[in-house]
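Visitor: Pasting the sequence and the predicted model now:
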Amino acid sequence: MNRVSIRKINELNVLREIFNQAPTSRADVAKNLALTKSTVYSIFTKLANDDLIYDIGQGSSTSSGGRKPALTNFNASVGYTINTKINNDTISCMSNWLDGSVIAYQEFPVTGKDASQRLLSLYQAIKTAQIDDHDLLGISVAVYGIVRDNRVIRATLSDLPQFDLVQVLQSRFNVPVVLGNEANMSALHIRDFTTTKPVKSAVALSLSDGIGAGMIIDGNLYTGARSEAGEVGHALYYGRYFDQPVNVEDIAADSAVFARLKTMKQANVNIADLRRWYDAGDAEVLQVLKDFCLGISMVLQNLILSFDPEKLVIGSKIMRAIPELLITIKQMARLSDEVPLSLAKNVDQAALLGGCAAITRHILGLPTGELVFKNRNAPTSVE
């Protein structure tokens, strides 16, 4: 390994240390990374020249006295990212500073069902989210489908793979673009926005539009040989009401529940309707939800027995509205209280924050290793 390569590795390690520990000092970084003070001071100078860090004053002196150290912070507002998700009827859009802090979040309606119309809505959402007087540094897009080598291979929007989404956005905004499967992005959110301790194994189970599982194994996103790992919704379900086996996501995804109830009730159905019918003990609704719980319990059993994750987070608007279903699912799957199962606090935003982590890592040149992002609404600015 030549000196240039070693220097670059040291720069990235110092940048990671500042990102995770800020505010911090040159002396602490040198100690934590076992680097010489001269090396660290030189790297600090370069990072400051690149506007990635800035000094914020002096810290406390040690118990033995001596000069107070100069404290340095990561400059999160050097630029921002725009992170999006293509939904069935909307485009979710979030802008973030480089530390993950949320600047703004908005849902944009989609007119029409064709992928070309979705892309037009996506473009308009990104244009609206741009911030004057700050540099847009990158864009992420989460989709419901298979993404391989930063290109959509298959999607619930069947005509979306016809478009080179990265090329379309890069040509218009001239910044790097990262695409990702929605469940995989949600798994990155679990890993990179958990501040208590590093997450080495986790599963994000997404039930919104189909069923997908994003998996973190040994601290890294696992996508499989063909980027199709986690497509658990395609497992066959043999159950009542169906003459032939169907995909489990046809009964146990949020979208499937609403589709079945729309047919039964001969009307559009929303979350408030579902909660009201559940509380009233509507027999038809309770049966649909029982099938929903049974399908999810089957999926959870397989995921837990296969991966034994330290965290498993379910993203479901139905289960957020009716959290009692989680108890039913645990009973059906015979899961003990030791199983680390929880519901996503904000189903709409998990994949956006995961996309923020993915594109920010790309921008900083830190694709692997621990980075601790901030999940807050207060932007960080240079003082």
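Guide: Done, it's in. Residues are numbered from 1 along each chain as shown.
Visitor: Just the CA coordinates for stretch 232-243, please, in CSV.
Guide: The C-alpha coordinates for stretch 232-243 follow below in CSV (Å, rounded to 0.1, in the frame of the first residue of the first chain):
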residue,chain,number,x,y,z
VAL,A,232,-40.5,-12.8,1.4
GLY,A,233,-43.9,-11.6,0.2
HIS,A,234,-43.6,-13.9,-2.8
ALA,A,235,-43.7,-17.0,-0.6
LEU,A,236,-46.8,-19.1,-1.4
TYR,A,237,-49.8,-19.1,1.0
TYR,A,238,-52.2,-22.0,1.0
GLY,A,239,-55.3,-20.9,2.8
ARG,A,240,-59.0,-20.4,2.8
TYR,A,241,-60.9,-18.5,0.2
PHE,A,242,-58.3,-19.2,-2.4
ASP,A,243,-58.7,-21.9,-5.1
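Visitor: and it, which residues are buried?
Guide: Residues 232-233, 235, 237 are the ones in stretch 232-243 that count as buried (16 or more other C-beta atoms under 10 Å). C-beta here means a position set from N, CA and C on the backbone, and glycine is covered the same way.
Visitor: what pLDDT, on average, does the longest helix anywhere in the chain get?
Guide: Under DSSP state H, the helix in the chain containing the largest number of residues is helix 283-307. Helix 283-307 shows a mean pLDDT of 94.
Visitor: which is the next helix or strand following it?
Guide: strand 311-315 (DSSP states H and E).
Visitor: and for that following strand, what are the contacting residues?
Guide: For strand 311-315, contacts defined as C-beta atoms under 8 Å, 6 or more residues apart in numbering pick out 183, 186, 190, 194, 199, 201-208, 296, 300, 303-304, 326, 339-344, 347, 350.
Visitor: out of those residues, which are inside helices?
Guide: Among the contacts of strand 311-315, the members found in helices (DSSP H) are 183, 186, 190, 296, 300, 303-304, 326, 347, 350.
Visitor: what's the closest of these to residue 35?
Guide: Comparing the ones in helices among the contacts of strand 311-315 against residue 35 with C-beta to C-beta places residue 190 closest, at 31.2 Å.
Visitor: From residue 342, how far off is that closest one?
Guide: 10 Å (C-beta to C-beta, to the nearest Å).
Visitor: of the two, who's got more company?
Guide: Counted by other C-beta atoms under 10 Å, residue 190 and residue 342 do not tie: residue 190 has more neighbours, with 24 against 12.
Visitor: which residues touch the closest residue to that one other than its chain neighbours?
Guide: Setting aside the residues directly before and after it, residue 190 is nearest to residue 202 in space (C-beta to C-beta, 6 or more residues apart in numbering), at 4.5 Å. Applying C-beta under 8 Å, 6+ apart to residue 202 gives the contacts 187, 190-191, 215-216, 309-313.
Visitor: Who wins on neighbours among those?
Guide: residue 187 (34 neighbours).
Visitor: Could you point out which residue ranges in the stretch 51-200 of the chain have low pLDDT?
Guide: 59-67 (pLDDT under 70).
Visitor: go again using 80 as the cut-off
Guide: 57-69, 195 (pLDDT under 80).
Visitor: Based on its surroundings, how many neighbours for residue 214?
Guide: As a burial measure, residue 214 scores 31 neighbours (other C-beta under 10 Å).
Visitor: Let's verify it: helix, strand, or coil?
Guide: Put simply, residue 214 is strand when judged by DSSP: H, G, I helix; E, B strand; the rest coil.
Visitor: ok, now which ones touch the nearest residue to it once chain neighbours are set aside?
Guide: Closest residue to residue 214 apart from its sequence neighbours, by C-beta to C-beta, 6+ apart: residue 187 at 3.0 Å. Contact analysis of residue 187 by C-beta under 8 Å, 6+ apart lists 202-204, 214-216, 221, 354.
Visitor: could you redo the residues you listed as a markdown table and give each row pLDDT and distance to residue 167?
Guide: Listed next are the contacts of residue 187 as a markdown table, based on pLDDT from 0 to 100; distance: C-beta to C-beta, whole Å:
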| residue | pLDDT | distance to residue 167 |
| --- | --- | --- |
| 202 | 96 | 32 |
| 203 | 97 | 32 |
| 204 | 97 | 28 |
| 214 | 97 | 25 |
| 215 | 97 | 29 |
| 216 | 97 | 29 |
| 221 | 97 | 23 |
| 354 | 97 | 23 |
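Visitor: ok, now how distant is residue 178 from residue 144?
Guide: Using C-beta to C-beta, we find residue 178 at a distance of 16 Å from residue 144.
Visitor: Kindly report the same for residue 307.
Guide: Remark: distance between residue 307 and residue 144 (C-beta to C-beta) = 22 Å.
Visitor: Ok, residue 309 next?
Guide: Taking C-beta to C-beta, one finds residue 309 at 22 Å from residue 144.
Visitor: Give the PyMOL command for selecting the buried subset of the contacts of strand 311-315.
Guide: Entered in PyMOL, the line below selects the buried ones among these, by 16+ other C-beta under 10 Å:
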select buried, resi 183+186+190+199+201+202+203+204+205+206+207+208+296+300+303+304+326+341+344+347+350
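Visitor: Residue 73: how many residues sit nearby?
Guide: Other residues close to residue 73 by other C-beta under 10 Å number 18.
Visitor: from the middle of its chain, how far away would the host helix or strand of it be?
Guide: Using DSSP H and E, the secondary-structure element containing residue 73 is strand 70-74. The chain centre lies 28 Å from the centre of strand 70-74; the measure is C-alpha atoms, centre = their mean, to the nearest Å.
Visitor: Does anything pack onto it? Which helices or strands?
Guide: helix 3-21, strand 24-25, strand 53-58 (3 or more C-beta pairs under 8 Å, 6 or more residues apart in numbering; DSSP states H and E).
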